[in-house]
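A.B. asks: sequence and computational prediction follow.
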Amino acid sequence: QVQLVESGGGLVQAGGSLRLSCAASGSIFSINDMGWYRQAPGKQRDLVATITFGGSTNYADSVKGRFTISRDNAKNTVYLQMNSLKPEDTAVYYCNAGGYDGTIYRRSFTLWGQGTQVTVSS
């Protein structure tokens, strides 16, 4: 069974930085796209950034130039470096990954992490 475990959230002042990590574990054959999403109280879950296995990236306009997504394929881990944080970045951040498991069935999966709180104070 594949699972995603996130870490790195916390409380930071505006202008500060945080780095989120999300590691996939279990029986994994391959992971294709990985990404980060966020959900503020009372709002829908929105895309923050995605990255393909080959390293192509996509960002929400609101985070371009401030956030950087990267991944280590050998470790099945995706990162989100967040700089110049703003109070409006406050949200629960969720990791997402899709791929195929390592069983003989090669079942596809799409998983979400448990979420990590990021709070930016003004």
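C.D. replies: Here it is on my side, so go on.
A.B. asks: the nearest residue to residue 114 once chain neighbours are set aside bridge partners, please.
C.D. replies: Excluding its sequence neighbours, the residue lying closest to residue 114 (CB to CB, 6 or more residues apart in numbering) is residue 6, at 6.3 Å. For glycine as for every other residue, the C-beta is placed from the backbone atoms N, C-alpha and C. Counting by DSSP bridges, residue 6 is bridged to residue 22.
A.B. asks: same check on residue 35?
C.D. replies: The partner residues for residue 35, given DSSP bridges, come to residue 50, residue 96.
A.B. asks: run a quick neighbour tally on it.
C.D. replies: 22 (other CB atoms under 10 Å).
A.B. asks: I figured it hits residue 110, correct?
C.D. replies: No - at 10.7 Å, residue 35 does not count as touching residue 110 under the criterion of CB atoms under 8 Å.
A.B. asks: name the residues contacting each of these two.
C.D. replies: 96-97 (CB atoms under 8 Å, 6 or more residues apart in numbering).
A.B. asks: check the gap between the most centrally placed residue in the chain and residue 4 for me.
C.D. replies: Nearest residue to the geometric centre of the chain (CA atoms, centre = their mean): residue 36, 3.0 Å. Between residue 36 and residue 4 the computed distance is 11 Å (CB to CB, to the nearest Å).
A.B. asks: swap in residue 21?
C.D. replies: Counting by CB to CB, the gap from residue 21 to residue 4 is 10 Å.
A.B. asks: name the residues of the host helix or strand of residue 120 that are buried.
C.D. replies: Assigned by DSSP states H and E, residue 120 belongs to strand 116-121. Buried residues in strand 116-121, counted by 16 or more other CB atoms under 10 Å: 116, 118, 120.
A.B. asks: packing partners of it?
C.D. replies: Contact partners of strand 116-121 among helices and strands, from 3 or more CB pairs under 8 Å, 6 or more residues apart in numbering; DSSP states H and E: strand 10-13, strand 18-25, strand 91-101.
A.B. asks: that concludes my questions; thank you for your assistance.
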